[in-house]
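> Have a look at this fold, sequence not included:
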């Protein structure tokens, strides 16, 4: 199952060695890179929109699960490593323990379904990782660059009203099944930022902001330079003015953290910080009301903290952690079990519905679902997996995933794990580049 050749190394016979670098080989390599890039972009767009399919039960992101994952599995089933199988086996065992050793045996069926969903999403992430590993760095960077540019331009066109009819028609058709719904709080948007926030083919504006946050910072990790940092910061500020989501403030902070892990000397660091502040000043000069709009929004959010108002800030940052404390008080070792949402209603002290108490925070869900013991075991498995991959900056990777987890829920979904493994993939490529970079003496590290 595990090839003896290094990953990505082509097989060369003795008789065919002279023709490897010929025109035919170059053309084949080009078309292989093109195919991989197309599949990569399709995978990310699929988890970005996450269109469900109702077939007696709901399949989230059906294009990812039913089409892209089988296709990638056919491409890479001979390139599966034992440490990857071991990792998936560990995760399944940990999720089984959480399902059987947590309270609420009457909900065991729902927990097993959550186990299947989570495992499938993680396998999909590993297949995405295989694809990323075989993409050349410049193709990977260009694809990510194109993705965040498309989101930025598309959001601007939707605000201008050009893409609005098409986007609305797609959303009405795509998100009419199951628990999905189309965002309809246009009046709230106008009061907050002066215009209706763009959705750009997603069910709500926050998913546009999350997609941009993931794509622009993945691009920055994959192709870091001071120039790219400045471009990313300015683009994020422009998207902030267009989309009006606080998630983009987190995205800007994440870009600056990537800078801290990338700059090698203090002078370059301060120069880059200065460039970032210049970008902020330019954005405020171009649109002076942006600062006041967000000051008002965060002021309103501060007043609503801890209240029973159903605000996005409460559902993302307040309610999930209050509920987490309630769960730990009642079931500290294995929490409520994977996808044990029904038990949240029994444990929550919040005077709100169980869905609101659970909130939209994947990190809090992780601890609620697995408890202290399950979370430690899960973290140990992930740590060993990253070490086997050769990730050289695990702290930065943890920061990226923690930032992502504060923006969305859906711990079981292909969207969360697809974005998570995209971060893992670009950090993996970055680690390999750092490992093979020549040092001052001209040798390879």
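Done, it's in. The model shown is predicted, which means the values in this text are computed figures rather than measured ones.

> quick one: low-confidence parts of the stretch 251-400 of the chain?
For the stretch 251-400 of the chain, the stretches with pLDDT under 70 are 266-310.

> those helices in it, which residues are they?
For the stretch 251-400 of the chain, helices defined by DSSP state H, counting those that start in this stretch occupy the ranges 266-286, 289-304, 312-313, 319-330, 341-347, 354-358, 362-389, 394-405.

> What of the stretch 1-150 of the chain?
23-49, 62-63, 69-76, 82-101, 108-134, 137-159.

> In CSV, list those along with mean pLDDT, distance to residue 401 and mean neighbour count.
In this view, the C-beta of every residue, glycine as well, is placed from N, C-alpha and C. Output for the helices of the stretch 1-150 of the chain, formatted as CSV (pLDDT from 0 to 100; distance: least, Cβ to Cβ, whole Å; neighbours: other Cβ atoms under 10 Å):
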stretch, mean pLDDT, distance to residue 401, mean neighbour count
helix 23-49, 90, 15, 16
helix 62-63, 92, 24, 18
helix 69-76, 95, 21, 15
helix 82-101, 96, 15, 17
helix 108-134, 96, 12, 20
helix 137-159, 97, 17, 19
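
> For residue 408, find the nearest of these.
Residue 408 lies closest to helix 23-49 among the helices of the stretch 1-150 of the chain, at 11.4 Å (Cβ to Cβ).

> what's the neighbour count on residue 325?
By the other Cβ atoms under 10 Å criterion, the neighbourhood of residue 325 contains 13 residues.

> err, residue 104, not the other one
Neighbours of residue 104 using other Cβ under 10 Å come to 16.

> show me what contacts it?
Taking Cβ atoms under 8 Å, 6 or more residues apart in numbering, we find residue 104 in contact with 111, 336, 337, 340, 342, 343.

> Okay, residue 215 and residue 368: tell me how far apart.
28 Å (Cβ to Cβ, to the nearest Å).

> So which of the two has more stuff around it?
Using other Cβ under 10 Å as the criterion, residue 215 and residue 368 rank with residue 368 on top: 31 against 25.

> wait, isn't that one in contact with residue 336?
Yes. Taking contacts as Cβ atoms under 8 Å, residue 368 lies within contact range of residue 336: 5.8 Å.

> Overlap of the contact sets of the two?
Joint contacts of residue 368 and residue 336 (Cβ under 8 Å, 6+ apart) are 327, 344.

> What are the buried residues along stretch 51-71?
51, 52, 53, 59, 60, 61, 62, 63, 64, 65, 68, 69 (16 or more other Cβ atoms under 10 Å).

> Could you find the closest non-adjacent residue to residue 430?
Closest residue to residue 430 apart from its sequence neighbours, by Cβ to Cβ, 6 or more residues apart in numbering: residue 221 at 5.7 Å.

> Do I have it right that that neighbour meets residue 425?
No. Counting by Cβ under 8 Å, residue 221 does not reach residue 425; the two are 9.5 Å apart.

> which residues are in contact with stretch 135-146?
Residues outside stretch 135-146 that contact it (Cβ under 8 Å, 6+ apart): 33, 36-37, 40-41, 132, 215-216, 218-219, 222-223, 426, 429, 433.

> could you redo the last one with a cut-off of 7 Å?
33, 36-37, 40-41, 132, 215, 218-219, 222-223, 429, 433 (Cβ atoms under 7 Å, 6 or more residues apart in numbering).

> ditto for stretch 357-376
Stretch 357-376 is contacted from outside by 94, 97-98, 315-316, 319-321, 323-324, 327, 331-341, 344, 348, 350, 378, 402, 405-406, 408-411, 416, using Cβ under 7 Å, 6+ apart.
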